[in-house]
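>>> sequence and predicted structure, then a few things I'm wondering about:
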Amino acid sequence: MTATDTATALDRLCVDTIRTLSMDGVQKANSGHPGTPMALAPVAYVLYARVMRHSPRHPAWPDRDRFVLSCGHASMLLYSTLYLAGYDVSLENDLERFRQLGSMAAGHPEYGDLPGIEVTTGPLGQGISHAVGMALAERMLAARFNRPGHEIVDHRTFVIASDGDLEEGISGEASSVAGHLGLGRLISLYDQNHISIEGDTKIAFTENVGKRYEAYGWHVQDLEEDIGLDNLERALQNAIAVEDKPSLIIVRTHIAQGSPNKHDTAGAHGSPLGEEEVKLTKEHMGWPSLEPFYVPEKALRHFRRCIERGEQLESEWRERFDAYAQAHPELAPELERIIAGRLPQGWDREVPKFHASGSMTATRKSSETVLQWAAANVPELVGGSADLAPSTLTLIADAGSVEAGSYVGRNLHFGIREHAMGAIVNGLTLHYLRAYGSTFFTFSDYMRGSIRLSALMRLPSIFVFTHDSIGLGEDGPTHQPIEQLAGLRAMPVLRVVRPAGANETALAWHYAIKSTDHPTALVLSRQGIPTWNPAAVPADAIDRGAYVLRDSFREPDPPDLVLLASGTEVHICARAADALEAEGIATRVVSMPCMESFAAQDASYREQVLPPGVRARVSLEAAATFGWHQWVGEVGEAIGMEGFGASAPAGALYKHFGFTPERVADAGRAAVKRARSSGAG
């Protein structure tokens, strides 16, 4: 773009329109962060109007550049820019209703609410970390599908990150991964405004961020205060030219740029400027109107040249894709399928089945076998672990590893970086791949924020957790999860699956892969468990969440007692049932691999599994009992962990903490006695 006087005046008018819309949106909502959008308006303008390849009328165009506003508190920056650039964002219904019930312009950008929002951001550090996964997915898809003369996957991921983003530990982990893998298509602008909620960042943050990112292996440019539009564009083009390193562009901005009294103050970070200050700021800017949400027509026309440019870019790509399809008819439909999110036809025609045997097999081991089946049938399934693949057993055999400059493999090595792994898995999933990440279950705490975002976005991310209980043994309480099952089960949308045996494990992977609107956590054991007869495990066991694994001798009449469990404790209940039935207590054993799915079933199915008249119930799980009381009721008993574990072999721990058939049988007898004495069934 030539820098004529007329063009420069229009550029500045567009930049100031972003600023005024952002001020007005926050002011009308009486809530939000006006200062950062005001400071970053030039950056957003240069990205959308000059540099990024995007199409407002085709926001889902597969080869578009992605933009991630990691500092999600500056959401009015994104909403204002999307509106001005021509996306389907409304001035009246969105910007003017910022942060209001029913508005799509939420306090922080929410994935799927408005076109052009690529990822939910707000928790600091998550945006740039998800962007690493998105940039990695671009390279992995390019490695699979691009051919000489047909660079059909050819785009970049741009980020704006704040001081707060780069203070959070997750961003350091993810940035380290990006540098290690040489993700040259990832470009982040670091908004160094020196302001946080508590004041100047120097009270807690004085490191040399540029040097840190150079140490990560990033290409770093520090523009200091020279953030004129041409200089910003030049820096971005320099970053684009660096193909083998991610780029960090440091820009020293001033929060509430143009505000006479709030400039460079923490007061503009999380509060409206105030009506008087908005008026003074507009006057200081020479703004032509004090009317809220005023948009100069010539600024709108100029900014919306993005539409025509985007139409041309998208059309050219479609032509290139048609040529690609003719040259490579075996590849184009596969890429289209993956982009559309469709699984291969017939991929699950033969879900693995395991025959009953006398041996005890850990569900992590069964999972390893099932994973190979899944990977053979779903080529977009990729993943790895936080340096624990030999223990989580999550390597895809003969699939190669993703390395710097070589992205065709399917096995990812996240290093000891659970925080980043969760976000990168989400980023990969946002960008068409089906991704999983694995670690020991107790370390799920490290990645809880990313799991929560996957649930908020309803992404079908897959999280594989092994060493699921005190049964992991000698490593002791630091590694033995207790409250993690209850904690993850409390998270809306997420499905937590703890399978009992090999056949439930096969169905669990099938369930996770076919899911389209929720993430799944697979919780697997280190210790062995019997393999049940596959005929006893219905195909919808995970979809239903719970089922009758074995009924009582009184079938079809209701039993005296129901024993419920998940995972490795199911076989303990089965042994207790043997003893109880020998005494004439009709005992049903229910396996509950997914409590959330069972809760979502209609009442008739739940009552079929847990007859309301059978109040004598006992649950067993080697974890906190929180959540089980809704199923065992007032008469029943929930057996679980009341404290942390201990360091000893698994068998000794199960006996010490009372996870034995004998204790379950005793609890069952007591529950039946209580139920009978209370006059219930």
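Done, it's in. Everything quoted here is computed from the prediction, not taken from an experiment.

>>> alpha carbons only: can I get stretch 87-100 in CSV?
Output of stretch 87-100 as CSV, limited to C-alpha atoms (Å, rounded to 0.1, in the frame of the first residue of the first chain):
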residue,chain,number,x,y,z
TYR,A,87,-17.1,-9.7,8.8
ASP,A,88,-20.7,-10.6,9.8
VAL,A,89,-20.5,-8.7,13.0
SER,A,90,-23.2,-6.1,13.8
LEU,A,91,-22.7,-2.7,15.1
GLU,A,92,-26.1,-2.6,16.8
ASN,A,93,-26.5,-6.2,18.0
ASP,A,94,-22.9,-7.0,18.8
LEU,A,95,-20.6,-4.0,19.5
GLU,A,96,-23.4,-1.9,21.1
ARG,A,97,-24.4,-4.9,23.2
PHE,A,98,-20.9,-5.8,24.4
ARG,A,99,-20.9,-7.9,27.5
GLN,A,100,-24.7,-8.2,27.7
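
>>> could you give the average pLDDT over it?
Here stretch 87-100 scores 97 as its mean pLDDT.

>>> and the contacts of it?
Contacts to stretch 87-100, defined as C-beta atoms under 8 Å, 6 or more residues apart in numbering, come from residues 21, 24-26, 28-29, 31-32, 56, 59, 75-76, 79-80, 82-83, 103-107, 114-116, 292-293, 295. In short, each C-beta sits where N, CA and C put it, glycine included.

>>> check stretch 193-212 too.
Residues beyond stretch 193-212 that count as contacts (C-beta under 8 Å, 6+ apart) turn out to be 35-36, 39, 162-164, 166-167, 172, 190, 192, 220, 222, 248, 250, 252-255, 264-266, 268-270.

>>> and if you look at stretch 218-229?
Against stretch 218-229 from outside (C-beta under 8 Å, 6+ apart): 8, 11, 15, 42-43, 45-46, 50, 175, 178-179, 210, 213-214, 231-232, 235, 238-239, 242, 245-253.

>>> out of the contacts of stretch 87-100, which are inside helices?
Counting by DSSP state H, the part of the contacts of stretch 87-100 found in helices is 21, 24-26, 28-29, 75-76, 79-80, 82-83.

>>> in JSON lines: those residues, plus neighbour count and distance to residue 371.
Formatted as JSON lines, the entries for these read as follows, by neighbours: other C-beta atoms under 10 Å; distance: C-beta to C-beta, whole Å:
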{"residue": "21", "neighbour count": "27", "distance to residue 371": "49"}
{"residue": "24", "neighbour count": "24", "distance to residue 371": "52"}
{"residue": "25", "neighbour count": "29", "distance to residue 371": "47"}
{"residue": "26", "neighbour count": "26", "distance to residue 371": "48"}
{"residue": "28", "neighbour count": "20", "distance to residue 371": "51"}
{"residue": "29", "neighbour count": "18", "distance to residue 371": "47"}
{"residue": "75", "neighbour count": "28", "distance to residue 371": "39"}
{"residue": "76", "neighbour count": "28", "distance to residue 371": "44"}
{"residue": "79", "neighbour count": "31", "distance to residue 371": "41"}
{"residue": "80", "neighbour count": "30", "distance to residue 371": "45"}
{"residue": "82", "neighbour count": "26", "distance to residue 371": "40"}
{"residue": "83", "neighbour count": "27", "distance to residue 371": "45"}
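
>>> nearest to residue 384, of the residues you listed?
Comparing these against residue 384 with C-beta to C-beta places residue 75 closest, at 32.3 Å.

>>> what separates the closest one from residue 119, distance-wise?
From residue 75 over to residue 119 the distance is 12 Å, taken as C-beta to C-beta, to the nearest Å.

>>> same question, residue 284
35 Å.

>>> quick check: pLDDT value at the residue sitting nearest the centre point of the chain.
Nearest to the mean C-alpha position of the chain, counting by C-alpha atoms, centre = their mean, stands residue 454 at 2.9 Å. Per-residue confidence for residue 454 comes out at a pLDDT of 98.

>>> what is in contact with residue 75 and residue 119 at once?
residue 109.

>>> would you confirm that residue 364 contacts residue 526?
Yes: under the criterion of C-beta atoms under 8 Å, residue 364 lies in contact with residue 526, with a separation of 6.3 Å.

>>> shared neighbours of the two, anything?
Residues within reach of residue 364 and of residue 526 at once, by C-beta under 8 Å, 6+ apart, are 391, 466-467.

>>> neighbour-wise, which one of the residues you listed leads?
Counting neighbours by other C-beta atoms under 10 Å, residue 467 leads these with 27 neighbours.

>>> my guess is that one contacts residue 388. True?
No: under the criterion of C-beta under 8 Å, residue 467 lies out of contact with residue 388, with a separation of 9.0 Å.

>>> pull up the overlap in contacts between those two.
Each of residue 440 lies in contact with both residue 467 and residue 388 under the rule C-beta under 8 Å, 6+ apart.

>>> how about the strands in the stretch 51-200 of the chain?
Counting by DSSP state E, counting those that start in this stretch, residue ranges of the strands within the stretch 51-200 of the chain are 66-69, 157-162, 186-191, 195-196, 199-200.

>>> tell me which other helices or strands the first one touches.
It stands for strand 66-69. Counting by 3 or more C-beta pairs under 8 Å, 6 or more residues apart in numbering; DSSP states H and E, the packing neighbours recorded for strand 66-69 are helix 75-85, helix 126-145, strand 157-162.

>>> what residues does it touch?
47-48, 52, 54, 75, 77-78, 109, 116, 118-119, 121, 127-128, 130-131, 134, 155-160, 431.

>>> what about 7 Å?
Residues outside strand 66-69 that contact it (C-beta atoms under 7 Å, 6 or more residues apart in numbering) are 47, 52, 75, 77-78, 109, 118-119, 121, 127-128, 130-131, 134, 157-160.

>>> what's the mean pLDDT across that strand?
In this model, strand 66-69 has a mean pLDDT of 98.

>>> who's in contact with residue 524?
Contact partners of residue 524, counting by C-beta under 7 Å, 6+ apart, are 363-364, 367, 464-466, 468.

>>> adding pLDDT, secondary structure and distance to residue 351, write those residues out as JSON lines.
Output for the contacts of residue 524, formatted as JSON lines (pLDDT from 0 to 100; DSSP: H, G, I helix; E, B strand; the rest coil; distance: C-beta to C-beta, whole Å):
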{"residue": "363", "pLDDT": "97", "secondary structure": "helix", "distance to residue 351": "15"}
{"residue": "364", "pLDDT": "98", "secondary structure": "helix", "distance to residue 351": "18"}
{"residue": "367", "pLDDT": "98", "secondary structure": "helix", "distance to residue 351": "13"}
{"residue": "464", "pLDDT": "98", "secondary structure": "strand", "distance to residue 351": "18"}
{"residue": "465", "pLDDT": "98", "secondary structure": "strand", "distance to residue 351": "21"}
{"residue": "466", "pLDDT": "98", "secondary structure": "strand", "distance to residue 351": "21"}
{"residue": "468", "pLDDT": "97", "secondary structure": "coil", "distance to residue 351": "22"}
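
>>> for residue 626, give me phi and psi.
When quoted as degrees, to the nearest 10, the phi and psi of residue 626 stand at phi -50, psi 120.

>>> with residue 110 instead?
Backbone dihedrals for residue 110, given as degrees, to the nearest 10, come out at phi -110, psi 120.

>>> please work out how many residues are found near the residue lying closest to it once chain neighbours are set aside.
Take residue 110 and drop its neighbours on the chain: the residue closest to it by C-beta to C-beta, 6 or more residues apart in numbering is residue 120, 5.3 Å away. For residue 120, the count of nearby residues is 25 (other C-beta under 10 Å).

>>> hang on, residue 120 packs against residue 107?
No: contact status for residue 120 versus residue 107: not in contact, 11.4 Å apart, counting by C-beta atoms under 7 Å.

>>> show me where the stretch 201-350 of the chain has strands.
Secondary structure of the stretch 201-350 of the chain (DSSP E, counting those that start in this stretch): strands at 219-224, 247-251.

>>> can you redo those strands as TSV with mean pLDDT, distance to residue 421 and mean neighbour count?
Below are these laid out as TSV (pLDDT from 0 to 100; distance: least, C-beta to C-beta, whole Å; neighbours: other C-beta atoms under 10 Å):
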stretch	mean pLDDT	distance to residue 421	mean neighbour count
strand 219-224	97	24	17
strand 247-251	98	21	24
